[in-house]
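Chemist: Dropping a prediction and its sequence here:
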Amino acid sequence: MFMQQEKVMRGLQTVAAGELVVDKVPGIGDRIAPSGLAGRAIAGGLAGATVYEAKGGQAWKGALIGAAAAVAATYAFFYLRKYARNKLDVKDSFVGGVEDAIAVGIAAGATSGR
């Protein structure tokens, strides 16, 4: 499978680490802007296709589910982060750190049955 190749995995890990850093930089556009949303949908689609294919399913179904889940999560976390920052007077970097911990936990749980 394409995404399980060593070079591809290392490249994607580097991109993911970069996203964790860039997400905290002030002045970067909102994640729900078309370019950010498209990138997240593509990443979710690739992940979903890989998981579905690894489990013997059809990659296109996994891609659709993964992309939809990524878009839904993007909007959910965007508004949750905004709410926490405005209503709870919590620093954005703290909320972002919690958000990242949740995302890593979900990813670890989803891939633990390897």
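Modeler: Right, received. Where do you want to start? Numbers count the residues shown, from 1 in each chain.

Chemist: From here on, just use CA atoms for contacts and neighbour counts.
Modeler: Will do.

Chemist: which residues in the chain form helices?
Modeler: For the chain, helices defined by DSSP state H occupy the ranges 6-22, 34-54, 59-87, 92-111.

Chemist: so which of these is the most packed in?
Modeler: Highest mean neighbour count of these: helix 34-54, a mean of 19 (counted as mean count of other CA atoms under 10 Å).

Chemist: could you say what helices and strands that one packs with?
Modeler: The helices and strands touching helix 34-54, judged by 3 or more CA pairs under 8 Å, 6 or more residues apart in numbering; DSSP states H and E, are helix 59-87.

Chemist: model confidence over the helix it packs on, on average?
Modeler: Predicted confidence along helix 59-87 averages 91 (mean pLDDT).

Chemist: remind me which residues of this structure are low pLDDT?
Modeler: Across the chain, the stretches falling below the confidence threshold (pLDDT under 70) are 1-3, 110-114.

Chemist: can you do 80?
Modeler: Applying pLDDT under 80 to the chain picks out residues 1-5, 8-9, 12, 16, 19-29, 92-93, 96, 103, 106-114.

Chemist: any idea how far A63 is from I106?
Modeler: For I106, the distance to A63 under the criterion CA to CA, to the nearest Å works out to 18 Å.

Chemist: actually D100, not the one I wrote
Modeler: Applying CA to CA to D100 and A63 gives a distance of 22 Å.

Chemist: Could you do V90 as well?
Modeler: As defined by CA to CA, V90 lies at a distance of 35 Å from A63.

Chemist: A47 too?
Modeler: Using CA to CA, we find A47 at a distance of 7 Å from A63.

Chemist: cool, G36 as well?
Modeler: Applying CA to CA, one obtains 18 Å for the distance of G36 from A63.

Chemist: Also F78?
Modeler: F78 is 22 Å from A63, where distance means CA to CA.

Chemist: before we move on, what about A33?
Modeler: Applying CA to CA to A33 and A63 gives a distance of 21 Å.

Chemist: So for V90, what's the nearest residue that isn't a sequence neighbour?
Modeler: Nearest non-adjacent residue to V90, counting by CA to CA, 6 or more residues apart in numbering: A84, 5.9 Å away.

Chemist: actually K91, not the one I typed
Modeler: Skipping the residues right next to it in sequence, K91 comes nearest to R85 by CA to CA, 6+ apart, at 6.0 Å.
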